[in-house]
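A.B. asks: return atomic coordinates for the entry below.
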Amino acid sequence: MVIAGLAVNAETGFDARMSISIPVRVRLARTLLRVTSWLPLRVLHAVARGLAILLRWSNTREYRVTRRNIELCFPELDAIAREQRVREAMAHMAMGLSELPRIWGLAGGRALNQIRSVHGAEFLDAAIDQQLGVIIAAPHLGQWELLNLYLCTRGPMALLYRQPQHARWEPLLIGARGSLGAQQIRADAQGVRELYRCLRKKMLLGILPDQRPKGGEGEFAPFFGLPCKSMTLLSRLAHKTGAPVVFGFAERLPAGRGYDLHFLPAPAGIDSDDNVEAVAALHRGLESCVAIAPMQYQWSYKRFALQPDSEAAPMYPDCR
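C.D. replies: Presented below is the predicted three-dimensional model:
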């Protein structure tokens, strides 16, 4: 199987030539994923909770950003309740990393065995039945890597990704994410053109819509009551192709029991040619997802760093 120029082994999910083409540290990371994939989720989660405690005690940037985001988005909480949410959010952030052996280290089919229920499947089914392609808005919530694998079982699937800061890790990511045949499209000008081609082929297209857009891209709209800048690409794709939008995420269940998938219909206006209206609808869809599993959102990300008033005080003054 060839994915984005790599021969992907359907059994392991990794490129057969990786041992030759990638640095030693990346090969070691791949081996570590495989070796630790036999550990139960509850063990990996216990390790993650310990890591989260260390991150809080060390007053890391992730902890400070999480604390600030919880403060901004849940102003009604008192100090004790706010700190409890920060602790939960940090634990879930660490769990998201600790789970990767059970997602990337297993053959794709085995990873899917961890899914317990699928909620809102009728929304995804109805979107697929339109035969216009489907745009899956998948926020940084729960275990989105598992969602990618599941979507590959529903039809030809592509996903948009940003090249990692250290390019040497890119082959590892492509090999792991492509274990069930997902076409992976880099987020650049050529990639955007490829997204339109994928939708014309009636493929499922997975997009993480809640990263800060680069440069002059994106538009501001309220998110948890605060001005927040998000991409307009998703809405442009929907507007120009007619492809329906469905929100989706994989919720982490307690006690290492696995995951539930959730699919939600997109709010009206997400395909508007008015960028403000479209991003406002996108944010309402994100909020609906976060409401189901609020502490599993990636609160360690500086979501509100960009503001319409460039003269305003920085939103994260203590989080450098």
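
A.B. asks: for the longest helix seen in the chain, give me every contacting residue.
C.D. replies: Counting residues, the longest helix found in the chain (DSSP state H) is helix 79-98. Residues outside helix 79-98 that contact it (Cβ atoms under 8 Å, 6 or more residues apart in numbering): 44-45, 47-49, 51-52, 55-56, 62-63, 66-67, 70-71, 74, 77, 142-143, 252, 294-300. In this view, the C-beta of every residue, glycine as well, is placed from N, C-alpha and C.

A.B. asks: remind me which residues of the stretch 1-150 of the chain are low pLDDT?
C.D. replies: 1-23, 108 (pLDDT under 70).

A.B. asks: thinking again about what came up before, who's in contact with the helix or strand just after the longest helix of the chain?
C.D. replies: Using DSSP states H and E, the next helix or strand after helix 79-98 towards the C-terminus is helix 100-103. The contact list for helix 100-103 (Cβ under 8 Å, 6+ apart) reads 32-37, 39, 41, 44, 111, 114, 143, 145-146, 149, 176.

A.B. asks: again, only using 7 Å
C.D. replies: Leu33, Thr36, Ser37, Leu39, Leu41, Leu44, Ala111, Gln114, Gln143, Glu145, Leu146 (Cβ atoms under 7 Å, 6 or more residues apart in numbering).

A.B. asks: right, and the helix or strand after that helix?
C.D. replies: Beyond helix 100-103 toward the C-terminal end (DSSP H and E), the next one is helix 108-112.

A.B. asks: which secondary structure elements does that following helix contact?
C.D. replies: helix 144-152 (3 or more Cβ pairs under 7 Å, 6 or more residues apart in numbering; DSSP states H and E).

A.B. asks: so what does the helix or strand that the helix it packs on is followed by touch, helix or strand wise?
C.D. replies: Counting by DSSP H and E, the next helix or strand C-terminal to helix 144-152 is strand 157-161. Where contact means 3+ Cβ pairs under 7 Å, 6+ apart, strand 157-161 is packed against strand 183-186, helix 189-200, strand 204-207.

A.B. asks: how about the CA coordinates for the last one, as CSV?
C.D. replies: Presented in CSV, the C-alpha positions along strand 204-207 are these (Å, rounded to 0.1, in the frame of the first residue of the first chain):
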residue,chain,number,x,y,z
LEU,A,204,-14.3,11.7,3.7
LEU,A,205,-12.1,14.6,4.6
GLY,A,206,-10.8,15.0,8.2
ILE,A,207,-9.8,18.5,9.4
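
A.B. asks: ends of stretch 116-125, what's the gap?
C.D. replies: 18 Å (Cα to Cα, to the nearest Å).

A.B. asks: got the buried residues for that stretch?
C.D. replies: Buried residues in stretch 116-125, counted by 16 or more other Cβ atoms under 10 Å: Val118, Phe123, Leu124.
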